[in-house]
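Peer 1: sequence first, predicted model second:
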Amino acid sequence: MPKSVATIDKPEFINITPMNPLISQCEIKVLYVGQNRNRSFISKEVAMDMANSLPGCPIVGYFNEGKEDFTDHGQRITMDGDGVKFECLTKPYGFVAPDAQVWFQIFDDTDAFGNVIQREYMMTTGYLWTGQYEEAMRVIEEGNNQSMELDEKTLQGNWATDNKTGVEFFIINDAIFSKLTILGKDVEPCFEGAAVGAPTIKPSFSLDEEFKTTLSSMMHDLRTAIETKEGGLNMTKEELIASGKVTTQFTAEERSLFTDDELGVMLTAEQAAAQEAAEVEFAAKTAEEEEAAAADEKPEEEKETPPTKAACADDEKTKMQLQTDFEKLQGDYESLESEVIELRKFKLETENTQKDALIDSFYMLSDEDKEDVIKNKTSYSLEDIEGKLSIICVRKKVSFDLDREEEEVDTPVDASLIFSLDSEDAGNIPPHVQVLRDAKKSN
């Protein structure tokens with residue numbers, strides 16, 4: 001093969017401005033701190049440590065052409081004669097930049113019941129190859145749900161029970177991000193508001209030294225211009241007097257331009273002007289009060305007349321109509337709420353029936369093997385149950401072939417159907433066989 005060997009000359013580096021129109025920046029709500037509905041707990045301190053593994057993390061997804069949207073984590077379980085196989089169907093659509101910023105942002109999440117819950121999310125930015133994959137541009141334009149995945153080999157934690165709710169949670173003490181997965185809009189993530197889309201929030205930024213220097217110089221120039229205009233810097237005695245600047249605002253350098261007598265005269269003039277302004281303001285206020293008092297003393301005929309009985313009746317009729325409309329709307333709301341409760345109850349019963357059927361289909365496992373799934377059936381999805389039981393089957397090396405020995409067991413034969421055609425055993429010959437023999441002899 002051809003070879004290329006570097007010479008002793010130093011490499012020539014060039015200054016570039018990163019700009020590729022085939023990639024697009026995105027913003028990612030990775031997770032929120034505290035308890036989540038996946039029955040795990042991540043504190044803010046642990047999340048800050050985990051953030052060190054975000055830069056360079058791949059952004060993956062599994063796009064379904066039929067539904068024209070992304071799906072779930074793209075894991076497929078295949079069970080055949082060779083056992084259980086796990087396949088990952090996702091492919092990379094981008095990455096978190098090595099120099100990406102990570103910050104925390106508080107959001108108001110609204111649950112299915114309309115309750116507003118305030119959560120603190122960990123945020124970061126990434127890049128998607130929108131020029132390479134057309135479906136990636138959909139994420140930028142419309143936004144999608146997102147679910148982070150952790151490396152199982154480095155995941156550390158322990159189980160603990162919440163004293164208030166009695167629910168057991170897995171406390172994560174350390175973990176490394178393995179990937180961030182784009183989910184479909186109809187796939188609800190573990191962290192309800194976790195999403196990926198176009199940048200909407202910019203975190204606070206730090207000023208580099210060059211910007212600080214430029215800003216300081218601009219502020220100095222602005223201050224100089226203002227003080228010069230108002231008679232601040234390098235002004236003569238005459239310019240200070242003409243500027244109208246009060247003596248109480250003079251600097252020590254400005255005071256040194258005047259004698260004590262001159263400062264006294266100027267201060268007296270300023271006090272007289274202030275007194276005059278105060279008297280003018282007092283006179284204006286007094287005039288306003290007198291005008292208001294005169295308005296209260298108007299003759300009875302000039303004052304507003306009380307509303308008539310007809311007007312009051314109209315107001316009462318309007319009030320009653322509004323009350324009736326409100327009660328009707330309230331009744332409609334309660335009726336709809338009752339229907340929603342029944343629908344949710346029916347949905348839950350249906351899901352539990354499906355889950356029971358799925359659990360029963362794993363007949364090769366004992367009740368002890370399925371204890372965790374049965375205990376947490378309501379919190380696990382069908383996919384969770386199938387995945388967990390399949391994993392147990394793999395660990396226990398369960399064979400899915402039918403038991404040949406059971407199939408080959410002989411079926412019991414009725415003793416009344418067993419007989420011999422030998423003449424010596426004629427006493428055991430059934431009657432219908434004896435009739436046939438007699439008929440043959442007669443012929």
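Peer 2: Arrived safely.
Peer 1: residues contacting residue 178?
Peer 2: Residue 178 is in contact with 57, 149-151, counting by CB atoms under 8 Å, 6 or more residues apart in numbering. From N, CA and C alone the C-beta is placed, and that goes for glycine too.
Peer 1: let me fix that: residue 173
Peer 2: 46, 156-158.
Peer 1: what about it, which SS state?
Peer 2: Assigned state for residue 173: strand (three-state reduction, DSSP: H, G, I helix; E, B strand; the rest coil).
Peer 1: what number of residues lie near residue 239?
Peer 2: Here the count is done by other CB atoms under 10 Å, and residue 239 has 13 residues near it.
Peer 1: double-check that it belongs to a helix.
Peer 2: Yes: judged by three-state DSSP, residue 239 forms part of a helix.
Peer 1: how close does it get to residue 343?
Peer 2: Applying CB to CB, to the nearest Å, the value for residue 239 to residue 343 is 83 Å.
Peer 1: one step back: any quick PyMOL command for the buried ones out of the contacts of residue 178?
Peer 2: In PyMOL, this line selects whichever of the contacts of residue 178 come out buried by 16 or more other CB atoms under 10 Å:
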select buried, resi 57+150
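Peer 1: out of the contacts of residue 178, which comes closest to residue 179?
Peer 2: For those, the residue nearest residue 179 by CB to CB is residue 149; the value is 5.1 Å.
Peer 1: and the closest one, what element?
Peer 2: strand 144-150 (DSSP states H and E).
Peer 1: that strand: what's the following helix or strand?
Peer 2: Reading on from strand 144-150 to the C-terminus, the next helix or strand found by DSSP H and E is strand 156-161.
Peer 1: mind listing what's buried along that following strand?
Peer 2: Buried, per 16+ other CB under 10 Å, within strand 156-161: residue 157.
Peer 1: same question for stretch 49-64.
Peer 2: Buried residues in stretch 49-64, counted by 16+ other CB under 10 Å: 50-51, 53-55, 57-63.
Peer 1: what do you get for stretch 256-273?
Peer 2: Quick answer for stretch 256-273 (16+ other CB under 10 Å): 257-258, 266.
Peer 1: low-confidence stretches in the stretch 201-350 of the chain?
Peer 2: 201-234, 244, 248-249, 252, 296-311 (pLDDT under 70).
Peer 1: ok, which stretches of it are helices?
Peer 2: Using DSSP state H, counting those that start in this stretch, the helices assigned to the stretch 201-350 of the chain run over residues 209-229, 237-243, 252-255, 260-296, 309-361.
Peer 1: for the fourth one, packing partners?
Peer 2: Contacts defined by 3 or more CB pairs under 8 Å, 6 or more residues apart in numbering; DSSP states H and E place helix 260-296 against no helix or strand at all.
Peer 1: measure how far it is from the centre of its chain, please.
Peer 2: 61 Å (CA atoms, centre = their mean, to the nearest Å).
Peer 1: same check on the shortest one?
Peer 2: What separates the centre of helix 252-255 from the centre of its chain is 61 Å, taken as CA atoms, centre = their mean.
Peer 1: contact partners of that helix?
Peer 2: Identification of contacts with helix 252-255 by CB under 8 Å, 6+ apart yields 235, 240, 247, 263.
Peer 1: separate out the buried members of those.
Peer 2: Listed as buried from the contacts of helix 252-255 are 235, 240, 247; burial here means 16+ other CB under 10 Å.
Peer 1: wait, residue 386 touches residue 86, no?
Peer 2: No: contact between residue 386 and residue 86 fails when scored by CB atoms under 8 Å: they sit 11.7 Å apart.
Peer 1: find the residues that touch each one of these two.
Peer 2: residue 77.
Peer 1: so between these two, which is more surrounded?
Peer 2: residue 386 (19 against 12).
Peer 1: mind checking the SS state of that one?
Peer 2: helix.
Peer 1: with adjacent residues omitted, what lies nearest to it?
Peer 2: residue 358 (6.2 Å; CB to CB, 6 or more residues apart in numbering).
Peer 1: if I read this right, that neighbour contacts residue 382, doesn't it?
Peer 2: Yes: using CB under 8 Å, residue 358 is in contact with residue 382, at 6.1 Å.
Peer 1: more neighbours, those two?
Peer 2: Taking other CB under 10 Å, residue 358 and residue 382 do not tie; residue 358 has more neighbours (16 against 12).
Peer 1: buried stuff in stretch 99-118?
Peer 2: Quick answer for stretch 99-118 (16+ other CB under 10 Å): 100, 102.
Peer 1: which of the contacts of residue 173 sits closest to residue 200?
Peer 2: residue 46 (26.1 Å).
Peer 1: that closest one sits in which helix or strand?
Peer 2: Counting by DSSP H and E, residue 46 is part of helix 44-50.
Peer 1: contacting residues for residue 54?
Peer 2: Contact analysis of residue 54 by CB under 8 Å, 6+ apart lists 30, 96, 100, 102, 124, 177.
Peer 1: so how far is residue 72 from it?
Peer 2: 22 Å.
Peer 1: ok, now residue 288?
Peer 2: In this view, residue 288 and residue 72 are 72 Å apart by CB to CB.
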